[in-house]
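S.K.: I'll drop the sequence and a predicted model, then ask my questions.
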Amino acid sequence: KAGVTQTPRYLIKTRGQQVTLSCSPISGHRSVSWYQQTPGQGLQFLFEYFSETQRNKGNFPGRFSGRQFSNSRSEMNVSTLELGDSALYLCASSLVGLTRTMYNEQFFGPGTRLTVL
Amino acid sequence: GQSLEQPSEVTAVEGAIVQINCTYQTSGFYGLSWYQQHDGGAPTFLSYNALDGLEETGRFSSFLSRSDSYGYLLLQELQMKDSASYFCAVRALDSSYKLIFGSGTRLLVRP
């Protein structure tokens, strides 16, 4: 079974631009979560989508948004990029949504390394 | 608020045993998970403790004590490939249900 895939793997943008990242979950996984990883802040939860609906959201500004398609693929968008948005963006999929079980295991993709200049 | 604290770095010798601690301050959570992340790689799930006590998975064991707000990951028979960062994580008990990660512990295994 193929793992979680994320595209692109690397991205360089300039301040003020916007970016869209893509995540394809493991087949059969309907929950997709997004995380931002930086050396200073560690792994921070962005949001989770389940069955095309945003179920949970972390403490990030409205510039960060996402969506999920009927095939469970998800996209994350960041508008008006700032230098501080430079990070590794990780997507993780799981079999059920976060609100359905306490035991789910998250499968992470390789991440998209975003650099904002 | 919720926070998890881990030592930033631990060094151990190949073949030895190492314990990575995780102390937390949270009003409630659904259990403690551990993830491993190699440099340049994605986090991978190692273990989950829903209840107090010890969970064993091969060379790795994880422990949780809710009364002490404390957990740890125990790695036995260390191998060079175990050099990685290890994160503890809890799932928030509030409506967000988000997964909150600790800052991570960088384990360096030396020959």
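M.R.: That came in fine, so what should we check first? Residues are numbered from 1 along each chain as shown, chains lettered A, B, ... in the order given.

S.K.: Partner strands of the helix or strand of chain B with the lowest mean pLDDT and their direction?
M.R.: Lowest mean confidence among the helices and strands of chain B (mean pLDDT, DSSP states H and E): strand B:99-101, at a mean of 85. Strand B:99-101 has these partner strands in its sheet, going by DSSP bridges: strand B:84-92 (antiparallel).

S.K.: pLDDT averaged over the partner strand, what's the number?
M.R.: For strand B:84-92, the mean pLDDT works out to 90.

S.K.: now swap in stretch B:38-54 and tell me
M.R.: On average, stretch B:38-54 scores 90.

S.K.: measure it end to end?
M.R.: Using CA to CA, to the nearest Å, one end of stretch B:38-54 lies 25 Å from the other.

S.K.: residues touching residue 73, list them.
M.R.: Let's take chain A. A:22-25 (CB atoms under 8 Å, 6 or more residues apart in numbering or on different chains). Quick note: C-beta positions are derived from backbone N, CA and C, even for glycine.

S.K.: oops, chain B please
M.R.: If you count contacts by CB under 8 Å, 6+ apart, then residue B:73 has B:19-20, B:22, B:34, B:46-47, B:60-62, B:86, B:88 around it.

S.K.: Go again with 10 Å.
M.R.: Contacts for residue B:73 (CB atoms under 10 Å, 6 or more residues apart in numbering or on different chains) come out as B:6, B:18-22, B:32, B:34-36, B:46-47, B:49, B:60-63, B:86-88, B:105, B:107.

S.K.: cool, residue A:45 as well?
M.R.: Applying CB under 10 Å, 6+ apart, the residues near residue A:45 are A:33-36, A:56-60, A:92, A:98, B:89, B:92, B:96-101.

S.K.: I'd like to know the beta-bridge partner residues of it.
M.R.: Here residue A:45, judged by DSSP bridges, has bridge partners residue A:35.

S.K.: low-confidence ranges in chain A?
M.R.: A:1, A:97-104 (pLDDT under 70).

S.K.: repeat that with 90
M.R.: For chain A, residues meeting the criterion pLDDT under 90 lie at A:1-2, A:28-31, A:39-42, A:50-51, A:55-59, A:94-106.

S.K.: What parts of chain B come near chain A?
M.R.: B:4, B:6, B:29-31, B:33, B:35, B:37, B:40-48, B:50, B:85, B:87, B:89, B:91-93, B:95-104 (CB under 10 Å from any CB of the partner chain).

S.K.: Can you turn the buried part of those residues into a PyMOL selection?
M.R.: With 16 or more other CB atoms under 10 Å in any protein chain shown as the criterion, this PyMOL line picks the buried residues out of the residues of chain B next to chain A:
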select buried, chain B and resi 4+6+29+30+31+33+35+37+42+43+45+46+47+48+85+87+89+91+92+96+97+98+99+100+101+102+103+104
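
S.K.: Any of the contacts of residue A:73 buried? List them.
M.R.: The neighbour count (16+ other CB under 10 Å) marks A:23-25 as buried among the contacts of residue A:73.

S.K.: show me where chain A has helices.
M.R.: Taking DSSP state H to define them, one finds no helices in chain A.

S.K.: Now the spatially most central residue of chain A: closest residue in space that isn't a chain neighbour?
M.R.: Chain A has residue A:34 as the residue nearest its centroid, 2.7 Å off, counting by CA atoms, centre = their mean. Nearest residue to residue A:34, sequence neighbours excluded (CB to CB, 6 or more residues apart in numbering or on different chains): residue A:46, at 4.0 Å.
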